[in-house]
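K.L.:
Give me a model of this one.
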Amino acid sequence: MRSLWNGAISFGLISIPVKLVNATESHSIPFRQIHLEDGARVRHRKVCELEDREVSQAEIGKGYEAADGTIIPITEDDLSRLPLPTAKTIKIVAFVPADRIDPLQMDAAYYLQAGGALAAQPYTLLREALKRSNKVAVTKYALRGRERLGMLRVVGDAIAMHALLWPDEVLAPDGMAPAADVTVRVRELDLADALMEALGEVDLEDLHDEYRAAVEEVVAAKVAGETPPEAPGTAPEGGFLDLVTALENSVRAAREAHGGTAGREEAGSGGLAGHGTARTAPKQAGGKKSTSTAKKTAASAKKATKSAQPARSAAATGGSAAKKTTATANSATKKAATRKATARKRSG
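P.N.:
Down below sits the predicted model:
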């Protein structure tokens, strides 16, 4: 990697020669400006206003515009002679806990590469001291025509430097919060906690730039003379949902997405319990009617069963009585026949 700056880290009386290299790179797809009428490229040319001609980069220097419009040339030699200890030095001014640095101040990131064999020992010393202290180093350095703040921290076996904005360059968040007083209920906070847990954590390595991939598909299709892919249709927005219902639906959707059927089982068993106040799952359209119908059907079936029980008892009793009557009649008929037969024998 090409170094952007050569200098040294000033660590007390210790000087560590280093090279500054980029720690990040942009993967955004570059576009060119074109003339819509004919598709020709539009270029930005650097033109000298006095001579009205294009000038090369070698002919371009720096200048400061005074209040009256006069341009005062400032050379690289002028800047190299600035009476600053940070002109070619990353000066460590303090060591602080990492949480003392406001993330809003963080800017570009760089790696500091040891500048030669002699730098290996003090470079390693500073790296191990930062590791053991669990602190970061606050620095001052000059780059691209201005003095800047920086923060040194350990990344793997290297020392990284984050450029920091000066505190007065960070705007206060005045007027950003809602003007009206808003009360957040405990149940809403509980559901927000449940949603956070359901969404879970993520390994940043698993996240990808989907916008870039989509743009690459469009470019590839146009190069091949094909029709670019169309955007997927978006689901129609539903009606207004109150905050609690929206949270409950969000928790359910997140659980289903992350836990398979677990979320559906929880939803079907009666809500989103386990986070403070017991919760009932929101009823879907038609759910109330179906439940009511099921209850009525069950009640009717129960009533019919009760009504059928006496009838069955009566039928059973009637059948038993009929059997007894038939048996009695048969017995009487047999006795009468026996008496007649006896009377005939006596008369004969």
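K.L.:
which residues in the stretch 151-300 of the chain form strands?
P.N.:
With DSSP state E, counting those that start in this stretch, the ranges of strands along the stretch 151-300 of the chain come out as 158-164.
K.L.:
For it, give me the ranges with low pLDDT.
P.N.:
Low-confidence segments of the stretch 151-300 of the chain (pLDDT under 70): 233-241, 260-300.
K.L.:
What is the neighbour count of the closest residue to residue 212 other than its chain neighbours?
P.N.:
Spatial nearest neighbour of residue 212, excluding adjacent residues (Cβ to Cβ, 6 or more residues apart in numbering): residue 29 at 6.0 Å. Placement of C-beta: from N, CA and C, glycine included. Neighbours of residue 29 under the rule other Cβ atoms under 10 Å: 13.
K.L.:
How about residue 148?
P.N.:
Neighbours around residue 148, by other Cβ under 10 Å: 19.
K.L.:
helix, strand or coil for it?
P.N.:
Recorded secondary structure, residue 148: strand (DSSP: H, G, I helix; E, B strand; the rest coil).
K.L.:
my read: it touches residue 163, true?
P.N.:
Yes: Residue 148 lies in contact with residue 163 (Cβ atoms under 8 Å); the separation is 5.7 Å.
K.L.:
what's the helix or strand for the residue nearest to residue 212?
P.N.:
Residue 29 is part of no helix or strand, with elements assigned from DSSP states H and E.
K.L.:
Let me see the mean pLDDT of stretch 61-81.
P.N.:
In this model, stretch 61-81 has a mean pLDDT of 89.
K.L.:
Which positions within it qualify as buried?
P.N.:
Going by neighbour count (16 or more other Cβ atoms under 10 Å), nothing in stretch 61-81 comes out as buried.
K.L.:
got a pLDDT number for residue 101?
P.N.:
You'll see residue 101 listed with a pLDDT of 94.
K.L.:
Could I get the contacting residues of it?
P.N.:
Contacts here follow Cβ atoms under 8 Å, 6 or more residues apart in numbering; on that basis residue 101 touches 136, 138, 151, 164.
K.L.:
Make CSV from those and add distance to residue 112 to it.
P.N.:
Shown next, in CSV, are those (distance: Cβ to Cβ, whole Å):
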residue, distance to residue 112
136, 13
138, 15
151, 12
164, 15
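K.L.:
For residue 154, see how far away the residue nearest to residue 212 is.
P.N.:
33 Å (Cβ to Cβ, to the nearest Å).
K.L.:
What's the separation between residue 168 and residue 125?
P.N.:
Distance from residue 168 to residue 125, by Cβ to Cβ: 34 Å.
K.L.:
who has more neighbours, the two?
P.N.:
Neighbours of residue 168 and residue 125, each counted by other Cβ under 10 Å, are more numerous for residue 125; the result is 13 against 6.
K.L.:
just checking, the more buried one is part of a strand?
P.N.:
No: counting by three-state DSSP, residue 125 is not part of a strand but helix.
K.L.:
how deep is residue 14 tucked in, by neighbour count?
P.N.:
13.
K.L.:
ditto for the one 10 residues further on
P.N.:
Using other Cβ under 10 Å, residue 24 is surrounded by 9 other residues.
K.L.:
ok, it - contacts?
P.N.:
By Cβ under 8 Å, 6+ apart, residue 24 lies in contact with 108-109.
K.L.:
give me that answer again for 10 Å
P.N.:
By Cβ atoms under 10 Å, 6 or more residues apart in numbering, residue 24 lies in contact with 108-111.
K.L.:
Of these - the most surrounded one?
P.N.:
Highest neighbour count within these, by other Cβ under 10 Å: residue 110, with 24 neighbours.
K.L.:
The helix or strand hosting that residue vs strand 146-155, what angle?
P.N.:
In the assignment (DSSP H and E), residue 110 maps to strand 106-114. Per axes from the mean of the first three to the mean of the last three Cα atoms, to 10 degrees, the angle that strand 106-114 makes with strand 146-155 is 70 degrees.
K.L.:
who does strand 106-114 pair up with?
P.N.:
When pairing is defined by DSSP bridges, strand 106-114 lines up against strand 14-22 (antiparallel), strand 158-164 (antiparallel).
K.L.:
Nearest to residue 224, out of those strands?
P.N.:
Nearest to residue 224, of all the strands paired with strand 106-114, is strand 14-22, at 34.1 Å by Cβ to Cβ.
K.L.:
And the next helix or strand past that closest one?
P.N.:
Proceeding N to C from strand 14-22, the next assigned helix or strand is strand 47-48, under DSSP H and E.
K.L.:
Show me what that next one is packed against.
P.N.:
Strand 47-48 sits against strand 53-54, with contacts defined as 3 or more Cβ pairs under 10 Å, 6 or more residues apart in numbering; DSSP states H and E.
K.L.:
continuing past the strand it packs on, what's the next helix or strand?
P.N.:
Sequence order places strand 62-65 as the next helix or strand after strand 53-54, per DSSP H and E.
K.L.:
re the thing from before, please identify which of the contacts of residue 101 is nearest to residue 59.
P.N.:
Nearest to residue 59, judged by Cβ to Cβ, of the contacts of residue 101 is residue 164 at 34.6 Å.
K.L.:
contacting residues around residue 35?
P.N.:
Residue 35 makes contacts with 41-42, as judged by Cβ under 10 Å, 6+ apart.
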